[in-house]
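Colleague: just to be clear, the model below is a prediction. Sequence and coordinates:
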Amino acid sequence: MFGRLRKRIGEDGRPPVAPLTGRGRNLFEAAATYVAACAEDDHEGSAEAARWVSPEALCFGVNELACRAVIALARERDQTPQHVARTLLGLPAA
């Protein structure tokens, strides 16, 4: 009985993450989940997302997400990507 329960809720006491229908998780999904969890200070969520792909793939995905976010904000604000990036990081204008 306890063996079945452990399989159902996972070893760490949380329900296992169900795979997406028809496909596995990709690096962009892992990056989006990882960054959103970090922004919300969700250490468990970011750790879970980091297990979905290799560290190298996660790094690439996070970099791609950052680039796309900076470009989108720059267009929205009618500013250069460099200005937006420096502003987001609290750096002085170059």
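Modeller: Here it is on my side, so go on.

Colleague: residue contacts, the most centrally placed residue in the chain?
Modeller: Most central in the chain under C-alpha atoms, centre = their mean is residue 34, positioned 2.2 Å from the mean C-alpha point. Each residue near residue 34 by C-beta atoms under 8 Å, 6 or more residues apart in numbering is listed here: 46, 49-50, 58, 61-62. In short, each C-beta sits where N, CA and C put it, glycine included.

Colleague: next one: residue 83
Modeller: By C-beta under 8 Å, 6+ apart, the contact set of residue 83 is 74, 93.

Colleague: flag every buried residue along the stretch of helix or strand it belongs to.
Modeller: According to DSSP states H and E, residue 83 maps onto helix 81-88. Residues of helix 81-88 classed as buried: 83-85 (neighbour count, 16 or more other C-beta atoms under 10 Å).

Colleague: how many neighbours does residue 30 have?
Modeller: 21 (other C-beta atoms under 10 Å).

Colleague: gap between residue 88 and residue 77?
Modeller: 11 Å (C-beta to C-beta, to the nearest Å).

Colleague: residue 71 now?
Modeller: Taken as C-beta to C-beta, the span from residue 71 to residue 77 is 11 Å.

Colleague: joint contacts of those two?
Modeller: Counting by C-beta under 8 Å, 6+ apart, nothing touches both residue 71 and residue 77.

Colleague: packing partners for the longest helix belonging to the chain?
Modeller: In the chain, taking DSSP state H as the definition, the longest helix is helix 55-77. With contacts defined as 3 or more C-beta pairs under 8 Å, 6 or more residues apart in numbering; DSSP states H and E, the packing partners of helix 55-77 are helix 27-39, helix 81-88.

Colleague: quick one: those helices as a markdown table, columns for mean pLDDT and distance to residue 94 too.
Modeller: Below are these laid out as a markdown table (pLDDT from 0 to 100; distance: least, C-beta to C-beta, whole Å):
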| stretch | mean pLDDT | distance to residue 94 |
| --- | --- | --- |
| helix 27-39 | 96 | 25 |
| helix 81-88 | 96 | 6 |
